[in-house]
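*Asks:* Sequence and predicted structure, then a few things I'm wondering about:
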Amino acid sequence: MVETMRFSEFGLTTLKEVPSDAEIISHKLMLRAGLIRRLASGLFTWMPLGLRVLRKVEAVVREEMNRAGALELLMPAVQPAELWQESGRWDQYGPLLLRMSDRHSRDYCFGPTHEEVITDIARRELRSYKQLPINYYQIQTKFRDEIRPRFGVMRSREFIMKDAYSFDIDKQGMEASYQRMHSAYTAIFERLGLKFRVVDADSGEIGGSRSQEFHVLADSGEDAIAYSDADNYASNIETATTTPVAAGYPDAKEELQQVATPGVKTIEALCEFLKTDASRVLKTLIVDGTDGPVALLLRGDHELNAVKAQKMPGVVSPLTMASPEVIAKATGCGPGFVGPIGLGMPLFFDHATVGMSDFVCGANKKDMHYTGANFGRDLAIPTTVDLRNVVAGDPTPDGNGTLSIARGIEVGHIFQLGTKYSEAMSATVQDPEGKNQVMSMGCYGIGISRIVGAAIEQNHDEAGIIWPAPLAPFDVVLVPINLHRSEAVRTAADALYRELRERGLDVLLDDRDARPGVKFADAELIGIPHRLVISERGLAAGELEYRHRRESESRNLKREDALKLLE
RNA sequence: CGGCGUGUAGCGCAGCCUGGUAGCGCAUUUGCUUUGGGAGCAAAGGGUCGGGAGUUCGAAUCUCUCCACGCCGACCA
């Protein structure tokens, strides 16, 4: 049966008004253009038009993965708890993991990722180093019970992901496999026509050593990335570092003084109250530690970086701010008035506190702060560590460039896992000497459904979506004017429709008995790259009116020239 | 998980304060007119007013409770 590409039979309903819960542009446009419909929080149906786009993304990903030598398979979405207990993640993963049990009260989860399953496959299938390297991948529905699903398919709970897992005999092999995926990912995002950037990243829950993220650049992105074109440095803000600008400490000019600051608990309020700047305030954050609370000290205008902080010795991970009760017990005052002077707990000072003098900090007494505090006099000069988020203008780690900050949507993430899972689950092969070796793994994800949203964030205008050609649900839309009244238009439209399809193009024929304005508006909303208008007027002149979705003016072309343009 | 907010026709909303048996726009259906940028006129269909309980002669409206959804926060001294 021939696939229907006639608008009247396509079951597409577009919306003039947007459901009020849509926040970002891609979510709004996906609903208006009829790509998706929401079922429940974080759950979406892909409607026929949206599914076509999703399939196009999959096709590109699949082609490039195959080209890179990866093997496609399909694992179950539902996974037994035993495997997760074996890797230790059943207890570690937390509420993001959707757990369930069957009629025999056996525990399962809906897979948020598949390291355990693939490692189980690998330890059963792979016996010899001769079978390596090998890279398995799948395109699968995943479920993560997100704290707060939002932005449509960008942060949904159920989503489609391409995940790949490489197995090598040793670290060198793993690094080569990783590099191959790095290249494949670069090829994928280039082919999809998206502006993206590769950045260093934290490996988080998954674990392992090296990891990099692929970000589609968009202001609505949930991640901040720090980069410098001067020396090619790029990192997620979670892991971005800078060079400590190690100045000495200026001599103290002020005396240490206690001042009453009743009810002044925030840096902002403190600056207002004391008429000073946040950069002249030392802020003290108390977090839970393995042996009681720990203090983290930052310049007042800097933000704590949780990923860095939870790596400090004695700090619990994930990072948890100490409760007011704990703070009161440890400091004798409530939150808002804590300072490092005379504070009896481990102190970690951020690099950027070096060089602070005559600063303001809490006095460890309710409603009191110190002014004129100085290192070397009021408290010892500390060794400093990296605790904060970098900010625009900071030098790059090697000091050759300056950091800029951009926002991105994480669409790909590649990891060098090493032996974390293979060791826990005894995934070994025999090496040439006949000894069992634990395999080295890599894992590589691409958010298929998220890419659709990300592409729209990057490609739209007031009228609607502007698909990059490789993602477009249709290549061409035919808009016949007065189709239902003009025999000539109908004949020409049908002929053109057949001819273009024979040439292998995805053609949408807008055969609705609607006014031209309605058809134009819908064609623009759903973002088809090429538009051909067929009218009696044009036919008389042997011409078709052509307009590319990115162009603002249409032009009349001879039929043959128009066809050539679409090749 | 905490704070705030919202649930009334497929979608967007009004009505709720001050209780009296539900309305507007878009969409849908029919007819006529119109036909190159989201047409006009006329008519029609479509609602357990999120669920339950209560107050009342009477509840979309007041009270309680549950549910769903959204926004903000969970980075702060």
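*Replies:* Alright, I've got the coordinates. For clarity, every value in this text was computed on a predicted model and none was experimentally measured. Numbers count the residues shown, from 1 in each chain, chains lettered A, B, ... in the order given.
*Asks:* Now do the contacts for A:Ser128.
*Replies:* Counting by CB atoms under 8 Å, 6 or more residues apart in numbering, A:Ser128 touches A:Val429, A:Gln430. C-betas here are computed from N, CA, C, even on glycine.
*Asks:* does it have beta-bridge partners, and which?
*Replies:* Beta-bridge pairing of A:Ser128 under DSSP bridges involves A:Gln430.
*Asks:* That one and A:Lys435, how far apart?
*Replies:* From A:Ser128 across to A:Lys435, the span is 12 Å (CB to CB, to the nearest Å).
*Asks:* And for A:Ile534?
*Replies:* As judged by CB to CB, A:Ile534 and A:Lys435 stand 72 Å apart.
*Asks:* Compare the two and say which one has the larger neighbour count.
*Replies:* Neighbours were counted for A:Ile534 and for A:Lys435 using other CB atoms under 10 Å; A:Ile534 has more, 29 against 10.
*Asks:* Quick one: neighbours of the nearest residue to that one once chain neighbours are set aside, just the number.
*Replies:* Counting by CB to CB, 6 or more residues apart in numbering, A:Ile534 lies nearest to A:Pro480, which is 4.5 Å off, once chain neighbours are set aside. By the measure other CB under 10 Å, the count of residues near A:Pro480 is 25.
*Asks:* Verify the stated contact: A:Pro480 with A:Ala495.
*Replies:* No. A:Pro480 is beyond contact range of A:Ala495, at 11.2 Å (criterion: CB atoms under 8 Å).
*Asks:* by contact count, what packs against the helix or strand of chain A with the lowest mean pLDDT?
*Replies:* Least confident helix or strand of chain A, by mean pLDDT, DSSP states H and E, is helix A:324-331 with a mean of 80. On a contact count with 3 or more CB pairs under 8 Å, 6 or more residues apart in numbering; DSSP states H and E, helix A:324-331 meets strand A:282-287.
*Asks:* my guess is A:Pro470 is in a helix, correct?
*Replies:* Yes. Assignment of A:Pro470 by DSSP: H, G, I helix; E, B strand; the rest coil places it within a helix.
*Asks:* got a list of what it touches?
*Replies:* A:Lys56, A:Val60, A:Arg191, A:Leu192, A:Gly193.
*Asks:* near RNA strand B, which of the residues you listed show up?
*Replies:* Filtering those for proximity to RNA strand B by CB under 7 Å from any atom of the strand leaves nothing.
*Asks:* Out of these, which end up buried?
*Replies:* Listed as buried from the contacts of A:Pro470 are A:Lys56, A:Val60, A:Leu192; burial here means 16 or more other CB atoms under 10 Å.
*Asks:* between those residues, which is closest to A:Met181?
*Replies:* Closest to A:Met181 out of these is A:Val60 (15.1 Å), distances taken as CB to CB.
*Asks:* Which strand or helix spans the closest one?
*Replies:* For A:Val60, the host element (DSSP states H and E) is helix A:48-67.
*Asks:* just checking, what packs against that helix?
*Replies:* On a contact count with 3+ CB pairs under 8 Å, 6+ apart, helix A:48-67 meets strand A:71-72, strand A:134-143, strand A:158-168, helix A:171-191, helix A:448-458.
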